[in-house]
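K.L.:
Sharing a model that was predicted from the sequence below.
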Amino acid sequence: MSMRIKLQKIVEILSKKYEINEWWTGYTPFETLVSIILSQRTYWKNVKTAIERFSERFDGVEDVAKASVDEIEETIKPAGLYRVKAQRIKNIARDLVEKYDGKLDKILNLSYNKAKKKLTSISGIGPKTADVFLMAIKGEQVLPVDVHIFRIMKRLGIAKERDSYESLKAKLEVEIPRNQRIKTHLILIEFGRQICRAQNPKCKKCPIKRYCKVRKT
Ligand code: SF4
């Protein structure tokens with residue numbers, strides 16, 4: 001079976017199982033960016049608690065840039081890994097103030113490639129964070145690859161161990177039509193959280209096990 005057909009089948013099956021949760025609805029661009037940082041290796045419920053506390057405590061980019069790392073840590077504690085994340089958030093806010101007067105619009109008004117370049121030149125923002133942010137806020141038709149998607153694609157025999165972030169993203173984007181990429185990103189993450197977990201995947205319940213190379217049933 002070709003990779004295209006396999007991926008199409010997988011997306012079709014998973015689309016029926018999982019709801020698309022555009023979690024960024026109602027968030028400002030800066031809150032969305034901070035949520036992406038907070039979501040790394042964290043349950044979504046805890047991310048929500050942390051971003052609510054963060055939004056109550058801080059009034060935008062400049063306020064965060066002025067705050068101490070300790071204050072940011074205290075506010076985002078529910079998200080876990082809060083020391084590393086607080087430092088990243090502080091660096092991002094400081095860079096945004098120094099280089100863009102604290103205005104994310106100056107980046108968001110650029111084309112995808114230019115915006116991604118500017119974002120990844122900010123300390124604390126890597127290619128995945130930049131892509132998720134541009135997908136969420138600008139509706140860029142990209143397919144960011146997070147740890148869940150990498151793991152699932154390896155198990156399905158689509159990703160290779162040596163694939164980089166950009167090479168796997170490109171591989172998937174060639175096969176998934178533009179208007180299905182955001183949906184695919186979101187449902188794969190949900191599938192990775194609920195079924196194809198890093199530890200003890202629930203292979204017995206897996207709706208796509210017939211396409212998997214490593215299933216444990
Ligand atoms: S069979 Fe198991 S390892 Fe394979 S995709 Fe499904 S849950 Fe993941």
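P.N.:
Everything's here; your move. Residues are numbered from 1 along each chain as shown.

K.L.:
From now on I want contacts and neighbour counts done on CA atoms only, so please keep to that.
P.N.:
Fine.

K.L.:
The nearest residue to Lys103 once chain neighbours are set aside: what secondary structure?
P.N.:
Nearest residue to Lys103, sequence neighbours excluded (C-alpha to C-alpha, 6 or more residues apart in numbering): Leu96, at 6.8 Å. Assigned by DSSP: H, G, I helix; E, B strand; the rest coil, the conformation of Leu96 is helix.

K.L.:
Compute the distance between Leu96 and the ligand, please.
P.N.:
39 Å (C-alpha to the nearest ligand atom, to the nearest Å).

K.L.:
which residues does that residue contact?
P.N.:
Under the criterion of C-alpha atoms under 8 Å, 6 or more residues apart in numbering, the neighbours of Leu96 are Val61, Gly102, Lys103, Leu104, Ile122.

K.L.:
what's the answer for Val34, then?
P.N.:
Applying C-alpha under 8 Å, 6+ apart to Val34 gives the contacts Ile51, Ile89.

K.L.:
And it, which helix or strand is it part of?
P.N.:
helix 29-38 (DSSP states H and E).

K.L.:
Within range of the ligand, give me the residues from this protein.
P.N.:
152, 155, 195-196, 201-203, 206, 208-209, 212, 214-216 (C-alpha under 6 Å from any ligand atom).

K.L.:
PyMOL command for the buried members of those?
P.N.:
Buried members of those, defined by 16 or more other C-alpha atoms under 10 Å, are picked up in PyMOL with:
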select buried, resi 152+155+195+196+201+203+206+208+209+212+215
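
K.L.:
Do I have it right that Met153 meets Glu161?
P.N.:
No: contact criterion C-alpha atoms under 8 Å: Met153 and Glu161 do not qualify, at 10.1 Å.

K.L.:
Quick check on those two: which one has the bigger neighbour count.
P.N.:
Met153 (19 against 10; other C-alpha atoms under 10 Å).

K.L.:
Tell me which helix or strand the more buried one sits in.
P.N.:
helix 147-155.

K.L.:
now could you export just the CA positions of that helix as PDB?
P.N.:
Extracted in PDB, the C-alpha atoms of helix 147-155 (Å, rounded to 0.1, in the frame of the first residue of the first chain):
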ATOM      1  CA  VAL A 147       6.400  14.100  19.900                       C
ATOM      2  CA  HIS A 148       3.100  12.300  19.600                       C
ATOM      3  CA  ILE A 149       3.100  12.500  15.800                       C
ATOM      4  CA  PHE A 150       6.700  11.500  15.500                       C
ATOM      5  CA  ARG A 151       6.100   8.400  17.700                       C
ATOM      6  CA  ILE A 152       2.900   7.400  15.800                       C
ATOM      7  CA  MET A 153       4.600   7.800  12.400                       C
ATOM      8  CA  LYS A 154       7.500   5.700  13.500                       C
ATOM      9  CA  ARG A 155       5.200   3.000  14.700                       C
END
